[in-house]
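*Asks:* Need a 3D model of the following:
(chains A and B)
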There are 2 protein chains.
Amino acid sequence: MQSVRRLLSGDRRALARTISLIELAGPDAQKALAELYPHTGQAHVVGVTGAPGTGKSTLVNALAKSYRCRDVTVGIVAVDPSSPFSGGALLGDRIRMRDLAGDAGVFIRSMATRGSLGGLARATADVILVLDAAGFQRIVVETVGVGQAEVEIASAAHSVVVVASPGMGDEVQAIKAGVMEIADVFAVNKADREGADHAVMAIKMMQGLAPSPPSSPSSPSAPSERTGDGWQPPVIKTVATRGTGVDEVLQAVEAHAAYLHETHLYGGRERQRVVRELETILRTTLLARLRARLPEERFQDLVAQVAAREVDPYSAVEQLLRAGESL
Amino acid sequence: MQSVRRLLSGDRRALARTISLIELAGPDAQKALAELYPHTGQAHVVGVTGAPGTGKSTLVNALAKSYRCRDVTVGIVAVDPSSPFSGGALLGDRIRMRDLAGDAGVFIRSMATRGSLGGLARATADVILVLDAAGFQRIVVETVGVGQAEVEIASAAHSVVVVASPGMGDEVQAIKAGVMEIADVFAVNKADREGADHAVMAIKMMQGLAPSPPSSPSSPSAPSERTGDGWQPPVIKTVATRGTGVDEVLQAVEAHAAYLHETHLYGGRERQRVVRELETILRTTLLARLRARLPEERFQDLVAQVAAREVDPYSAVEQLLRAGESL
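*Replies:* Got it, this is the predicted structure:
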């Protein structure tokens, strides 16, 4: 494909066009991805997640600027589960564009909700591949929200930065939602506010309390007993609006990247990512195939019967699977 | 099944045992659900969602007490995506149990992460069915977090309460994450704090800005032009710790329930819920079946090839699907 060849040679307009093509998710999208795929696997993917209001976006922008000062190219994928109605993604894009405009070493793309969680996770993974093939050295995936989907999307990254901030009501509650185990770096942003030290302490306490995650088979001699892979996530105070602490976050991410490669944990993370990606595509594809094979009336009939409590959901699924097989 | 019969006759210990059985998700679980299912469909399911730190749990407890004052039985399902490591769910349970202990008209169950989002959504739906069959008149599903998964789980409810609070940094950001469209009632909790009126105004402004969702086919003459189904979500100030405004929230939920039945929108919500539930079960089952048919080596081989960038993910999926069909 011409647009793919142009993209690989560094054409930024071809990049935007390829992403749009891929978001359409048609057969051309799959062809483009197949062509791009051998050129991927070079970028280090950094997930940034945390509760709303912690200043995640500001930190991501500051981090991107820090990378640019070191001549490292950065792609930013902002996963925003706000509905298309609210227009949050677009507004955010515009504000950011103003900030980092005119620099070909940065590319920002917002991903909004598209029907289902599986759809969003899949589209995000695809856009990461495109940016990777286009040669961006670091790809920052920012997920708004602290839900499990956001955590899953962020945890597909090689290194995960969890952002907290003081004065969020209950800091512990704000960071507990499944993120303790996926964090490689903690940033306590808005650290000039009251309660920053308390937030740092709360995180450190939770690090101490959290039992080891199941230890990775590829790290037989973990140096620390506390975390299964031997990496002790640092807790860094930042004031992203003033750039304070941002370089420390960058250095922590780079140290983690180096650590993954030295310990050969990198390969394990890659395989995990691939398993998740294949399963996501498989689930969607298998359901779509079954639905396409089944007459819509048959499906809606069963829906009505389940709604009327005449058939239970699991028996309905059995019927649908049998019907799908016999067609 | 004996435990199911006991549950249907009001035995609370049988209820706890049946829920545990269902959480194991084995063949016995499906048998139990099939037996229970004809007895479900009586409860009104209320979803409560919002950002961490808004005081959701306190509001849910206060709401449960309010229902109990009116002799309405309440089941609470607290969906907590925090990992089993952090122990958040258990702690929350204990605090709540102390508060509502000794009242057979209330039952509280926390649901923590179980591997995947699909798994959590499915288990939550199943526990709701059990509580419904056990005769609880209102079932409150509280989801911690503001992620899309939590929104999806909450939106499976008949009525959805979105909780916000002032001083969460950026109120608009805290409530924008896809929740404007699913809210039937807004509660601005901690309304004794500074900024409560600002939060109320921000929500009302967003209500005005949000275009109509696609109008429901079952409401041909929607009285309001703003919302497709004609219901204008009220915005209620609450101080859950003192019980202020809680009765108003209860009344708003009941008014919404009555509205759904009067306008026949209830049937549409039920059908939507069933479609979502069937698709969730189908996706999981179809993937499990394929994985069971395929030799694990074959799958891991492909994973390694994708990780090594020799095969792209979509081509790998094609190969897996073909292999699954030929077996």
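
*Asks:* Tell me where chain A has helices.
*Replies:* Counting by DSSP state H, chain A has these helices, from start to end: A:2-8, A:12-23, A:27-36, A:56-69, A:88-100, A:117-133, A:148-155, A:171-176, A:196-209, A:246-262, A:265-293, A:296-307, A:313-326.

*Asks:* looking at the ones you listed, which is buried most?
*Replies:* Highest mean neighbour count of the helices of chain A: helix A:148-155, a mean of 27 (counted as mean count of other Cβ atoms under 10 Å in any protein chain shown). (C-beta placed from N, C-alpha, C; glycine too.)

*Asks:* for it, what is the average pLDDT?
*Replies:* With pLDDT averaged residue by residue, helix A:148-155 scores 66.

*Asks:* how many other residues sit next to A:Ile182?
*Replies:* For A:Ile182, the count of nearby residues is 19 (other Cβ atoms under 10 Å in any protein chain shown).

*Asks:* Distance to chain B for the helices of chain A - can I get that in CSV?
*Replies:* What follows is those, written out as CSV (distance: least, Cβ to the nearest Cβ, whole Å):
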stretch, distance to chain B
helix A:2-8, 12
helix A:12-23, 11
helix A:27-36, 5
helix A:56-69, 9
helix A:88-100, 5
helix A:117-133, 6
helix A:148-155, 4
helix A:171-176, 5
helix A:196-209, 7
helix A:246-262, 14
helix A:265-293, 4
helix A:296-307, 5
helix A:313-326, 5
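
*Asks:* Nearest to A:Val77, out of the ones you listed?
*Replies:* When the helices of chain A are compared by Cβ to Cβ, helix A:117-133 sits nearest A:Val77, at 5.5 Å.

*Asks:* Could you tell me the angle between that closest one and helix B:265-293?
*Replies:* On the basis of axes from the mean of the first three to the mean of the last three Cα atoms, to 10 degrees, helix A:117-133 is oriented at 60 degrees to helix B:265-293.

*Asks:* got the CA positions of helix A:117-133 in CSV?
*Replies:* The C-alpha trace of helix A:117-133 is given here as CSV (Å, rounded to 0.1, in the frame of the first residue of the first chain):
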residue,chain,number,x,y,z
LEU,A,117,-14.5,-2.0,25.4
GLY,A,118,-13.0,-4.7,23.2
GLY,A,119,-13.3,-2.3,20.3
LEU,A,120,-11.4,0.4,22.1
ALA,A,121,-8.7,-1.9,23.4
ARG,A,122,-8.2,-3.3,19.9
ALA,A,123,-8.2,0.1,18.1
THR,A,124,-5.7,1.4,20.7
ALA,A,125,-3.4,-1.5,20.1
ASP,A,126,-3.6,-1.0,16.4
VAL,A,127,-2.7,2.8,16.6
ILE,A,128,0.3,1.9,18.8
LEU,A,129,1.5,-0.4,16.1
VAL,A,130,1.2,2.3,13.5
LEU,A,131,3.1,4.8,15.6
ASP,A,132,5.7,2.1,16.3
ALA,A,133,6.1,1.4,12.6
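
*Asks:* Could you measure from the closest residue to A:Pro166 other than its chain neighbours over to B:Ser66?
*Replies:* Counting by Cβ to Cβ, 6 or more residues apart in numbering or on different chains, the nearest residue to A:Pro166 once its immediate chain neighbours are dropped is A:Gly195, at 3.3 Å. Distance of A:Gly195 to B:Ser66, computed by Cβ to Cβ, to the nearest Å: 33 Å.

*Asks:* What of A:Ser159?
*Replies:* For A:Ser159, the distance to B:Ser66 - Cβ to Cβ - is 46 Å.

*Asks:* Please apply the same query to A:Glu296.
*Replies:* Where B:Ser66 is concerned, A:Glu296 sits at a distance of 43 Å (Cβ to Cβ).

*Asks:* Same list, the helices of chain A, but as JSON lines with distance to B:Asn61 please.
*Replies:* Formatted as JSON lines, those follow (distance: least, Cβ to Cβ, whole Å):
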{"stretch": "helix A:2-8", "distance to B:Asn61": "54"}
{"stretch": "helix A:12-23", "distance to B:Asn61": "43"}
{"stretch": "helix A:27-36", "distance to B:Asn61": "48"}
{"stretch": "helix A:56-69", "distance to B:Asn61": "30"}
{"stretch": "helix A:88-100", "distance to B:Asn61": "31"}
{"stretch": "helix A:117-133", "distance to B:Asn61": "29"}
{"stretch": "helix A:148-155", "distance to B:Asn61": "23"}
{"stretch": "helix A:171-176", "distance to B:Asn61": "15"}
{"stretch": "helix A:196-209", "distance to B:Asn61": "24"}
{"stretch": "helix A:246-262", "distance to B:Asn61": "38"}
{"stretch": "helix A:265-293", "distance to B:Asn61": "36"}
{"stretch": "helix A:296-307", "distance to B:Asn61": "31"}
{"stretch": "helix A:313-326", "distance to B:Asn61": "30"}
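
*Asks:* do you know which of those helices lies nearest A:Met111?
*Replies:* helix A:117-133 (5.4 Å).

*Asks:* same question for that closest one, mean pLDDT?
*Replies:* 84.

*Asks:* Just give me how far it sits from the chain centre.
*Replies:* Averaging C-alpha positions (Cα atoms, centre = their mean, to the nearest Å) puts helix A:117-133 9 Å from its chain's average.

*Asks:* ditto for stretch A:272-285
*Replies:* 14 Å.

*Asks:* is it true that A:Ala64 touches A:Ile76?
*Replies:* Yes - A:Ala64 lies in contact with A:Ile76 (Cβ atoms under 8 Å); the separation is 6.1 Å.

*Asks:* and B:Leu250, which of the helices of chain A is closest to it?
*Replies:* That would be helix A:171-176 among those, by Cβ to Cβ, at 24.5 Å.

*Asks:* separation between the closest residue in space to A:Val246 that isn't next to it in sequence and A:Thr241?
*Replies:* Distances taken as Cβ to Cβ, 6+ apart put A:Ala62 closest to A:Val246, at 4.4 Å, once the chain neighbours are dropped. From A:Ala62 across to A:Thr241, the span is 8 Å (Cβ to Cβ).

*Asks:* cool, A:Glu262 as well?
*Replies:* 34 Å.

*Asks:* now swap in A:Met1 and tell me
*Replies:* 42 Å.

*Asks:* and if you look at A:Pro295?
*Replies:* A:Pro295 is 57 Å from A:Thr241, by Cβ to Cβ.

*Asks:* Repeat that for A:Leu294.
*Replies:* On the measure of Cβ to Cβ, A:Leu294 and A:Thr241 end up 54 Å apart.
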